[in-house]
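Novice: I need the structure of the sequence given here:
(chains A, B, C and D)
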There are 4 protein chains.
Amino acid sequence: MDDEIRSSFFQTVGKEGYSRKLGLKLVDVKPGNAIVRMVPRGDDTNIFGTVHGGVIFSLMDEAFQVSCNSHGRVAVALNVNVVFHNPAKEGRGLKAESREIHCSQKTATYEIKVTDEENVLIASCQALAYRKKERLPFLDR
Amino acid sequence: MDDEIRSSFFQTVGKEGYSRKLGLKLVDVKPGNAIVRMVPRGDDTNIFGTVHGGVIFSLMDEAFQVSCNSHGRVAVALNVNVVFHNPAKEGRGLKAESREIHCSQKTATYEIKVTDEENVLIASCQALAYRKKERLPFLDR
Amino acid sequence: MDDEIRSSFFQTVGKEGYSRKLGLKLVDVKPGNAIVRMVPRGDDTNIFGTVHGGVIFSLMDEAFQVSCNSHGRVAVALNVNVVFHNPAKEGRGLKAESREIHCSQKTATYEIKVTDEENVLIASCQALAYRKKERLPFLDR
Amino acid sequence: MDDEIRSSFFQTVGKEGYSRKLGLKLVDVKPGNAIVRMVPRGDDTNIFGTVHGGVIFSLMDEAFQVSCNSHGRVAVALNVNVVFHNPAKEGRGLKAESREIHCSQKTATYEIKVTDEENVLIASCQALAYRKKERLPFLDR
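Specialist: Next comes the predicted model:
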């Protein structure tokens, strides 16, 4: 992956509205792969006081979004399937790692794992993207 | 559904950290069913400027959470599968409606649809919960 | 749906290798919808003596295949998500009903329910197809 | 894994109605893992003449079934999510490999990949099982 493309991803995620709101930090991006981190806060909790499923999904989805767009062509989510294994806890850092397992002209598939800082598996995910023909708009800014 | 239980759900979701952060509003809850609404804002966007998948999922997950807990026993998410049909847009209100299609002693299954205010289908979801034996803690406050 | 197309589906499924092997019978096809039936036999059982998950899936998949191809353009399965609710039993007839919930130029989404002859819900499914541009080859025979 | 348990699995799958009908062969079983093979035949085809999705799923489901029961306690399928990557072809051998990624008292999760004999990825799967308390009945025969 070209340094300029790589750098564009860090800038784009850094300015993205939702990643700023949730504190999602892009840590690494390679062709087909991405790692995103966050630390869930008190305003990320569900009705039981543990971390909301929507927060865990958002973290995974950010890693998915970056990894499926990492080839430089626009890709959009078609389907995401998540299994929740363990509750995540406020204040305990989370990492989502997305790994491409298949890529064709039209679609690409990813496996994403969310673990906490004690390496507990929080959620695992299979995600399918549709690949458009357009080049990523932010690469040409 | 007893008025007191119903009222407890509205209070609990109203105080939930994450629903406040995202502006998720519980609109209705019945045994096995729930409706939640939100209006996505500028800080809910992804790298393409449309609404982030994590926002759409969070809305669905809130409806899922309420519907699977609506029988009064603690239920937790095991698996959620989402298909994304159309992009959602900033400023255009979204509604998630969760409907129970099966409930046994140990598990329960829900179909959830997200539509926007022009009735465009944004996402659809199949969600599976594990039902614990404990009564919901906030019912006895 | 034109009578000739409808009749082509009945003929094509009737001659299909796998539907004959499993005894899958197409009962109805309409644009976006299909119903398929079967009666599981002794050679359809799993290691516990109930009906194998592969049999239940095959029945659903046949209904999915017909429904997503019913518009006359070739469609192929991208993703199928199944929740199993109750075991199916040898000798007790099964019905899969596939219903289109969304259809765009490129993809289409279906909800499929499998019930037995006592109307017990056996499995429910969300399925996503990719729509090619080609017309179904067997329509022009 | 104890030799007697291992041997019981080979015997049980060897006698299973559906695995005989489809020609599913258990190749390996270890705690949490299983490999199953088959060669699709002319009667395993769909309306386009490639291998039916139900056949591919059945192969995966057999590997899932063995892997989730491999700890000696009865486990049943709750949810299976499949992504189809490439068509499988008649006469070209298929292998399904199931790998446990998480196991708790109540549930366990598996990733299953189906490849053909040229190592083309045909399908990938995420599968969730519910673990009962009972010991596998066929271990005590």
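Novice: Now do the SS call for A:L139.
Specialist: helix (DSSP: H, G, I helix; E, B strand; the rest coil).
Novice: Do the top helix by length along chain A and chain C come into contact?
Specialist: Counting residues, the longest helix in chain A under DSSP state H turns out to be helix A:53-69. No - residues of helix A:53-69 are not located near chain C by CB under 8 Å from any CB of the partner chain, the shortest gap being 14.3 Å. For every residue, glycine as well, the C-beta is placed using N, CA and C.
Novice: what about that helix, near chain B?
Specialist: Yes - using CB under 8 Å from any CB, helix A:53-69 reaches chain B at A:G53, A:G54, A:V55, A:F57, A:S58, A:L59, A:D61, A:E62, A:F64, A:Q65, A:N69.
Novice: can you redo those residues as a markdown table with pLDDT and neighbour count?
Specialist: Converted to a markdown table, the residues of helix A:53-69 next to chain B look like this (pLDDT from 0 to 100; neighbours: other CB atoms under 10 Å in any protein chain shown):
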| residue | pLDDT | neighbour count |
| --- | --- | --- |
| A:G53 | 98 | 26 |
| A:G54 | 98 | 28 |
| A:V55 | 98 | 30 |
| A:F57 | 98 | 29 |
| A:S58 | 98 | 29 |
| A:L59 | 98 | 29 |
| A:D61 | 98 | 31 |
| A:E62 | 98 | 30 |
| A:F64 | 98 | 27 |
| A:Q65 | 98 | 28 |
| A:N69 | 97 | 25 |
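Novice: ok, of the residues you listed, which one's closest to chain D?
Specialist: A:F64 (13.3 Å; CB to the nearest CB).
Novice: How about the closest one, nearest residue that isn't a chain neighbour?
Specialist: Nearest non-adjacent residue to A:F64, counting by CB to CB, 6 or more residues apart in numbering or on different chains: A:A127, 4.7 Å away.
Novice: before we move on, what about A:G91?
Specialist: Nearest residue to A:G91, sequence neighbours excluded (CB to CB, 6+ apart): A:V39, at 6.7 Å.
Novice: how much space is there between the residue in chain A positioned nearest to chain D and A:Y110?
Specialist: Nearest residue of chain A to chain D: A:N81, at 4.0 Å (CB to the nearest CB). Here A:N81 is placed at a distance of 11 Å from A:Y110 (CB to CB, to the nearest Å).
Novice: Need the residues touching each of those two.
Specialist: Common contacts of A:N81 and A:Y110, defined by CB atoms under 8 Å, 6 or more residues apart in numbering or on different chains, comprise A:C125, A:Q126, A:A127.
Novice: Considering those, which possesses the most neighbours?
Specialist: A:A127 (28 neighbours; other CB atoms under 10 Å in any protein chain shown).
Novice: give the contact list for it.
Specialist: A:M60, A:F64, A:C68, A:A77, A:N79, A:V80, A:N81, A:S98, A:T109, A:Y110, A:E111, A:I112.
Novice: and what of A:A123?
Specialist: Neighbouring residues of A:A123 by CB under 8 Å, 6+ apart: A:I56, A:F57, A:M60, A:V82, A:V83, A:F84, A:H85, A:K113, A:V114.
Novice: So which of the contacts of A:A127 are in strands?
Specialist: Under the assignment DSSP state E, the contacts of A:A127 contribute A:A77, A:N79, A:V80, A:N81, A:S98, A:T109, A:Y110, A:E111, A:I112 to strands.
Novice: Of the residues you listed, which is the nearest to C:G93?
Specialist: Of all the ones in strands among the contacts of A:A127, A:N81 has the smallest distance to C:G93: 30.0 Å, by CB to CB.
Novice: what's the residue most central in space within chain A in contact with, if anything?
Specialist: In chain A, the C-alpha nearest the mean C-alpha coordinate belongs to A:A63, at 1.6 Å (CA atoms, centre = their mean). Contacts for A:A63 (CB under 8 Å, 6+ apart) come out as A:A34, A:I35, A:V36, A:A96, A:E97, A:S98, A:I112.
Novice: Out of the residues you listed, which comes closest to chain C?
Specialist: Set against chain C, the nearest of these by CB to the nearest CB is A:I112 (15.2 Å).
Novice: Please point out which parts of the longest strand along chain A sit buried.
Specialist: In chain A, taking DSSP E as the definition, the longest strand is strand A:121-135. Residues of strand A:121-135 classed as buried by neighbour count (16 or more other CB atoms under 10 Å in any protein chain shown): A:I122, A:A123, A:S124, A:C125, A:Q126, A:A127, A:L128, A:A129, A:Y130, A:R131.
Novice: Any stretches of chain A with poor pLDDT?
Specialist: Along chain A, the model assigns pLDDT under 70 to residues A:141.
Novice: beta partners of the one residue in chain A that gets nearest to chain C?
Specialist: Proximity of chain A to chain C (CB to the nearest CB) peaks at A:N79, 4.6 Å away. A:N79 forms beta bridges with A:L128, B:V83, as assigned by DSSP bridges.
Novice: What count of nearby residues applies to A:F84?
Specialist: A:F84: 25 surrounding residues under other CB under 10 Å.
Novice: residue contacts, it?
Specialist: By CB under 8 Å, 6+ apart, the residues touching A:F84 are A:G53, A:I56, A:I122, A:A123, B:V76, B:A77, B:L78, B:N79, B:V80.
Novice: which non-adjacent residue is nearest the last one?
Specialist: When the adjacent residues along the chain are set aside, B:V80 lies closest to B:A127, with 4.6 Å between them (CB to CB, 6+ apart).
Novice: And the second one, by the same measure?
Specialist: Among residues not flanking A:I56 along the chain, A:A123 sits closest, at 5.2 Å (CB to CB, 6+ apart).
Novice: The first one now?
Specialist: Here the nearest residue to A:G53 in space, its sequence neighbours aside, is B:D61; by CB to CB, 6+ apart that works out to 4.5 Å.
Novice: which ones are touching the one you found?
Specialist: A:H52, A:G53, A:G54, A:F57, B:A77, B:V80.
Novice: and if you look at A:V114?
Specialist: By CB under 8 Å, 6+ apart, the contact set of A:V114 is A:I56, A:L59, A:M60, A:A88, A:L94, A:K95, A:A96, A:L121, A:I122, A:A123, A:S124, A:C125.
Novice: Quick check: which element contains it?
Specialist: Element membership of A:V114 [criterion: DSSP states H and E] is strand A:107-116.
Novice: ok, that strand: who's next to it in the sheet?
Specialist: Applying DSSP bridges, strand A:107-116 is found paired with strand A:94-103 (antiparallel), strand A:121-135 (antiparallel).
Novice: what's the distance between that strand and the middle of its chain?
Specialist: Here the centre of strand A:107-116 is set off from its chain's centre by 8 Å, with CA atoms, centre = their mean, to the nearest Å.
Novice: relative to helix A:53-69, how tilted is it?
Specialist: Orientation of strand A:107-116 against helix A:53-69 (axes from the mean of the first three to the mean of the last three CA atoms, to 10 degrees) gives an angle of 140 degrees.
Novice: what comes up buried for strand A:107-116?
Specialist: Neighbour counts over strand A:107-116 (16+ other CB under 10 Å) mark A:T107, A:A108, A:T109, A:Y110, A:E111, A:I112, A:K113, A:V114, A:T115, A:D116 as buried.
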